[in-house]
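**Q** Here is a sequence with its predicted model. Questions after.
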Amino acid sequence: MTENEPNTDDDVRSDGSGIVAPDDETPTWRERKERTVGLSRLTYEYFERSRREDQDMRQASDYVERDVLAFPTWPHEVIRNLAIASFFTGMMLFLSATLPPHIGPPANPSSTPAIILPDWYLYWSFGLLKLGPLNPELAVLGGSKLMADRTYGVLANGVVVGFIAMVPFLNKGSARRPVEQPFWAAVGIAGVIFAFTISVLAIKNLFPGNIHLLFDLTFLAPIVGGFVTYAVLKTMREGYMYDLNKRYYRLRPPK
Amino acid sequence: MSLERKDDYDHKGWMKEKDLTPVESTFLTTLIWLDKRFRIVDYLELMETLYYRVNLQMPKSHTEQYNLDNKFWYWYPLYTLGLFSTLAYVVAAISGALLGFYYSPSAAAGTEAAGSVAYESIAFIMRDLQFGFMLRSVHRWSAQVMVAAVFLHMLRVYFTGAYKEPRELNWLLGIILISLTMVFGYTGYLLPWDQLAYWAGQIGVEMSLSIPLIGEWIAQLLFGGFSLSQSTLQRMYIIHVFLLPFVVTTLIAIHIGIVWMQGIAEPH
């Protein structure tokens, strides 16, 4: 601050304190901010701009005073949720009263049980560990694998999570309904089916049937499901867009 | 210069000329008395500002303006899944805190045959503790329900395109949260130290060991070694009851706070 305030002369601070009462010459906070340079100056300018923009938006809008164009969380959403929330809590208590958990035999490092499983919600991750047959054998390396099957499976987890994380940056635009974007809805359905089939693959030793068929179905079923979704939504879109257009042209008849 | 109070501060004279009812004058006297000591008017002003901030969101929502109620309410149950997962989290936290009074994370041999101390404390909760069976049941079911609700919540957000601008960062935060929920579940699954827990832990160690470059370091950090031992159970316990609750609660608060700021994304 000392460099910004040439007014406060040396004789004033002979007592050692740098604090002086503000006079007319003392710059206001606003002036100080305007006087800054570089990044802080840019930050200040942007804040001023965005504040002015908000102000304009508020004045232009039909809303009395609203910051966001969406369904208000408070109080609309919260109050409407309360009834359903008490229902859900009751449901949880009911479940735990009727289906209490079981505890197995104590841990014994010397006997491996026939069935080793995590909780159901980790089956997909467990299933990804069984992708060994898909691990490519490179001819360059003399038919040996680039990495161990297990490493391959663990990395597959990262690929799945990474893809899900990238979705908002791949799919942009204002479309909100599956019919508007059949492709992305198909990707979603394929993902859901894959989450299910890979979970079944994780418990393949409990699967009554051909394991090789199961392995193939794990990857075919999502693709087929995705294609079916795409076809259905594409067909639905015809009628849907017809409706939308009708409404649009009724509001704004062609000249 | 007189020491008399100036007009603006003569609250008693001001009250006299106002001709107040007994209720009003009692209220004002109390308020002035308290305000002289605690400056409560400043806080009341803050409360007032907050009140108006909160209530200013009231007018027409997008749904109401474009008459989308029929489209929106049909899918409404899916829009409450986020609240449902939070609710399950709270129930799990309460029942988990109660369970924590009776559980001890020790892999040392217990008094009975074959079981460890941890295993026996679970057996104690289920057999001898009043209401303990129900308590463990509530904790387990709320955990299961939370994971299911979080997953369905993610599907709802995906299929209604609610992750799009300006909500990309909240989607990323959600992915971190769903992963941490699964870690929560996994660490809790290991705590009873029964056969299933032990061998699930074994797979966990092997999985972290097969991560390239940092695998051994991760196994040391999370499982306290390359094979299961007392330190594994201890670490799972601390992660489950100390680390994750702080981290996940904070992230949930930020996640919901962002939803509050941005509003619920509606289908158009």
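**A** Alright, I've got the coordinates.
**Q** In chain B, mark out all the helices, start to finish.
**A** B:11-18, B:22-38, B:40-55, B:62-65, B:69-74, B:76-79, B:81-100, B:117-127, B:132-159, B:168-190, B:195-209, B:215-223, B:230-238, B:244-262 (DSSP state H).
**Q** can you tell me which of the ones you listed comes nearest to A:Thr229?
**A** Nearest to A:Thr229, of all these, is helix B:132-159, at 10.7 Å by CB to CB. For glycine as for every other residue, the C-beta is placed from the backbone atoms N, C-alpha and C.
**Q** Let me see the mean pLDDT of the single longest helix found in chain A.
**A** Counting residues, the longest helix found in chain A (DSSP H) is helix A:211-251. For helix A:211-251, the mean per-residue pLDDT is 85.
**Q** Kindly report the same for stretch B:231-250.
**A** Stretch B:231-250 shows a mean pLDDT of 96.
**Q** what residues does stretch A:157-176 touch?
**A** Here stretch A:157-176 makes contact (CB atoms under 8 Å, 6 or more residues apart in numbering or on different chains) with A:124-125, A:128, A:181, A:184, A:191, B:158, B:160-165, B:167-168, B:171-172, B:175, B:179, B:265-268.
**Q** Mind checking what helix or strand follows the helix or strand hosting A:Phe87 in sequence?
**A** Assigned by DSSP states H and E, A:Phe87 falls within helix A:78-98. Next helix or strand after helix A:78-98 toward the C-terminus (DSSP H and E): helix A:123-128.
**Q** List the buried residues in the following helix or strand past that following helix.
**A** As assigned by DSSP H and E, the chain's next helix or strand after helix A:123-128 is helix A:149-170. Buried residues in helix A:149-170, counted by 16 or more other CB atoms under 10 Å in any protein chain shown: A:149-157, A:160, A:164, A:167-168.
**Q** which of those lies closest to B:Gln202?
**A** Among the buried residues of helix A:149-170, A:Arg150 lies closest to B:Gln202 (CB to CB), at 12.8 Å.
**Q** In chain B, what residue comes closest to chain A?
**A** Distances between chain B and chain A by CB to the nearest CB are smallest at B:Gly263, namely 2.7 Å.
**Q** number of nearby residues for that residue?
**A** Counted with other CB atoms under 10 Å in any protein chain shown, the neighbours of B:Gly263 add up to 22.
**Q** do the same with B:Met126
**A** Using other CB under 10 Å, B:Met126 has 19 neighbouring residues.
**Q** mind giving me the domain ranges of chain B?
**A** B:9-54, B:68-262 (automatic domain parsing).
**Q** can you give me the angle the helix or strand containing A:Phe196 makes with helix A:211-251?
**A** Using DSSP H and E, A:Phe196 maps to helix A:182-202. Here helix A:182-202 points in a direction 160 degrees away from that of helix A:211-251 (axes from the mean of the first three to the mean of the last three CA atoms, to 10 degrees).
**Q** can you tell me if the longest helix of chain A touches chain B.
**A** No. Remark: helix A:211-251 sits outside contact range of chain B, by CB under 8 Å from any CB of the partner chain, the gap being at least 10.4 Å.
**Q** sorry, back to before: quick one: distance of the helix holding A:Phe196 to the chain centre.
**A** With CA atoms, centre = their mean, to the nearest Å as the basis, helix A:182-202 stands 17 Å off its chain's centre.
**Q** Tell me who's in contact with A:Arg80.
**A** By CB under 8 Å, 6+ apart, the contact set of A:Arg80 is B:Tyr76.
**Q** now for the domains of chain B, which one comes closest to A:Lys234?
**A** With CB to CB as the measure, domain B:68-262 is the member of these nearest A:Lys234 (16.3 Å).
**Q** and that closest one, how far out from the chain's middle?
**A** Distance, centroid of domain B:68-262 to centroid of chain: 12 Å (CA atoms, centre = their mean).
**Q** ok, how many other residues are close to residue 119?
**A** Chain wasn't specified; assuming chain A. 18.
**Q** meant chain B, my bad for not saying
**A** If you count neighbours by other CB under 10 Å, B:Tyr119 ends up with 27.
**Q** returning to what we had before: so which elements touch the longest helix of chain A?
**A** Here helix A:211-251 touches helix A:182-202, going by 3 or more CB pairs under 8 Å, 6 or more residues apart in numbering or on different chains; DSSP states H and E.
**Q** What average pLDDT does the helix it packs on get?
**A** Mean per-residue pLDDT for helix A:182-202: 94.
**Q** again, but for stretch B:163-171
**A** The average pLDDT within stretch B:163-171 is 91.
**Q** List the buried residues of it.
**A** Within stretch B:163-171, the residues that count as buried by 16+ other CB under 10 Å are B:163-164, B:167, B:170-171.
**Q** was I right about B:Thr240 contacting B:Thr187?
**A** For residue B:240 the amino acid is His, not Thr. Yes. Using CB atoms under 8 Å, B:His240 is in contact with B:Thr187, at 4.1 Å.
**Q** rewinding a little: run the angle between the helix holding A:Phe87 and helix B:81-100 for me.
**A** 50 degrees.
**Q** Buried residues in helix A:78-98, which are they?
**A** Buried-residue list, helix A:78-98, by 16+ other CB under 10 Å: A:81, A:84-85, A:88-89, A:92-93, A:95-96.
**Q** Lowest-confidence one in those residues?
**A** Among these, pLDDT bottoms out at A:Asn81, giving 74.
**Q** Assess the claim that it and B:Leu83 are in contact.
**A** Yes. Using CB under 8 Å, A:Asn81 is in contact with B:Leu83, at 4.7 Å.
**Q** so what's the residue lying closest to B:Ser227 once chain neighbours are set aside up against?
**A** Once flanking residues are discounted, B:Ser227 sits nearest to B:Val205: 6.9 Å by CB to CB, 6 or more residues apart in numbering or on different chains. Counting by CB under 8 Å, 6+ apart, B:Val205 touches B:219, B:223, B:226-228, B:232.
**Q** Make JSON lines out of those residues and add neighbour count.
**A** Output for the contacts of B:Val205, formatted as JSON lines (neighbours: other CB atoms under 10 Å in any protein chain shown):
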{"residue": "B:Ala219", "neighbour count": "22"}
{"residue": "B:Phe223", "neighbour count": "23"}
{"residue": "B:Phe226", "neighbour count": "14"}
{"residue": "B:Ser227", "neighbour count": "12"}
{"residue": "B:Leu228", "neighbour count": "23"}
{"residue": "B:Thr232", "neighbour count": "24"}
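**Q** Isn't A:Ala85 up against B:Leu83?
**A** Yes. With contact defined as CB under 8 Å, A:Ala85 counts as touching B:Leu83 (6.0 Å).
**Q** what about B:Gly96, how many residues close to it?
**A** For B:Gly96, using other CB under 10 Å, the count is 21.
**Q** Turn the buried residues of helix A:78-98 into TSV, including distance to B:Trp33.
**A** Output for the buried residues of helix A:78-98, formatted as TSV (distance: CB to CB, whole Å):
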residue	distance to B:Trp33
A:Asn81	42
A:Ile84	46
A:Ala85	42
A:Phe88	47
A:Thr89	44
A:Met92	49
A:Leu93	48
A:Leu95	55
A:Ser96	52
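**Q** Just the pLDDT at residue 130, thanks.
**A** The chain I'm using is chain A. A:Lys130 is given a pLDDT of 84.
**Q** other chain: chain B
**A** pLDDT, B:Gln130: 93.
**Q** list the contacts for it?
**A** For B:Gln130, the contact set (CB under 8 Å, 6+ apart) is empty.
**Q** Against A:Met236, how distant is A:Asp243?
**A** Note on A:Asp243: its distance to A:Met236, by CB to CB, to the nearest Å, is 11 Å.
**Q** Comparing these two, which residue is more hemmed in?
**A** A:Met236 (13 against 10).
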